[in-house]
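# need coordinates for the below:
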Amino acid sequence: MDLVQYILSHSAWLYTKIYQNDLFFFDLWSFVHLWSGFMIYLLIRAVRMKRSMTILISILVLYEIAEILFVYIAFMIFRPETIKDQFTDIFLGILGGTACYFFLKMVVKFHMKFYQPIIAFIIFVVSSSYAFVWVGFYHYRYNMEVYNTPGINLSSFTAWTLGGVFILYMYRLLRKKKLFYRLGLTWLIFFIALLSFEYVYYYILEVREMSGLPLKPLIFGLIHGTRTLHVFYVIAPFILIAVYGFGIWLVNRASATSLPSDR
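As a prediction, this is how the structure comes out:
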């Protein structure tokens, strides 16, 4: 039961409702199901399995059954609206898989003509995914309410998404450098930009991040936060670059084309 409570307490932010009516509702979990459908379909295609959509639907249905059983076993309750929620989740997963299907078709047909937009889309997906997971689970909260939103902090999510895009484009612009220098220069440029951003927000705009204690500066009296925050800020470029490289590999495998990440 302690494990169940731990999972629920750390994932509670995902249940923040965005829209609802008598038939269905969308919450932050909806984005996870949409993303999951896209990524599962991409993985299925990358390993060259046949009947990709059938396999995707089977995985989605089995997951929802497992989720219902988990809730019932953990709490011995079953809500009538649960079935409606599960169908919505499955529909969103299928929608994500369908989006991936058409994306791969576009890659196969137009990967030379529309190379830059395709790369831009992959960079955006990687950056926004990193931002969603990190910002959502860290629970950013600031001393000025204008920067705070329920569920996921949209100001931090936007900042980290743009930061991820910046990091990956810097990495690509340095493609003529050897890998060691490329990674080092990308990290250095990111960290200088981060310190400048933090200086403006902390000392000029007087915005304070207050989601964890103790809040200590990382360096030069800047980047106030917990040890967890400091670690993730330092390693963020390497995580993003690794996921981006893996994403390029997956798309190449799934589409049987060639999208060199260094172009």
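# buried residues in stretch 25-32?
Phe26, Asp27, Leu28, Trp29, Ser30, Phe31, Val32 (16 or more other C-beta atoms under 10 Å). (Each C-beta comes from the backbone N, C-alpha and C, glycine too.)
# the first one: what secondary structure?
Of the three states, Phe26 takes strand under DSSP: H, G, I helix; E, B strand; the rest coil.
# same deal with the fifth one?
Local secondary structure at Ser30 is given as helix here, using three-state DSSP.
# let the chain start at 627 from now.
Sure thing, new numbering starts at 627, so read that last one as Ser656.
# contact partners for it?
Applying C-beta atoms under 8 Å, 6 or more residues apart in numbering to Ser656 gives the contacts Ile644, Thr714, Asp715, Leu718.
# which of those residues count as buried?
Buried, going by 16+ other C-beta under 10 Å: Thr714, Asp715, Leu718, out of the contacts of Ser656.
# so which of the residues you listed are in helices?
Under the assignment DSSP state H, those contribute Thr714, Asp715, Leu718 to helices.
# so the nearest residue to the second one once chain neighbours are set aside is in which element?
Right, the one you point to is Asp715. Once flanking residues are discounted, Asp715 sits nearest to His659: 4.7 Å by C-beta to C-beta, 6 or more residues apart in numbering. Assigned by DSSP states H and E, His659 falls within helix 654-672.
# average pLDDT across that helix?
Per-residue pLDDT values over helix 654-672 give a mean of 93.
# tell me the first helix or strand C-terminal of that helix.
Following helix 654-672 in sequence order, the next helix or strand is helix 678-701 (DSSP H and E).
# what residues are up against Val860?
Applying C-beta under 8 Å, 6+ apart, the residues near Val860 are Phe817, Leu844.
# quick check: angle from the strand or helix carrying it to helix 654-672?
According to DSSP H and E, Val860 maps onto helix 853-881. Going by axes from the mean of the first three to the mean of the last three C-alpha atoms, to 10 degrees, helix 853-881 is angled at 40 degrees with respect to helix 654-672.
# buried stuff in helix 853-881?
Using 16+ other C-beta under 10 Å as the test for burial, helix 853-881 gives 855-856, 858-860, 862-863, 866-867, 869-870, 873-874, 876-878, 880-881.
# neighbours of the closest residue to Tyr859 other than its chain neighbours, how many?
Closest residue to Tyr859 apart from its sequence neighbours, by C-beta to C-beta, 6+ apart: Ile849 at 6.1 Å. Counted with other C-beta atoms under 10 Å, the neighbours of Ile849 add up to 21.
# contacts only, for Ile849.
Contacts of Ile849 by C-beta under 8 Å, 6+ apart are Leu820, Leu821, Glu824, Pro843, Leu855, His856, Tyr859.
# got the domain ranges for this structure?
627-736, 737-889 (automatic domain parsing).
# nice, that's everything, thank you.
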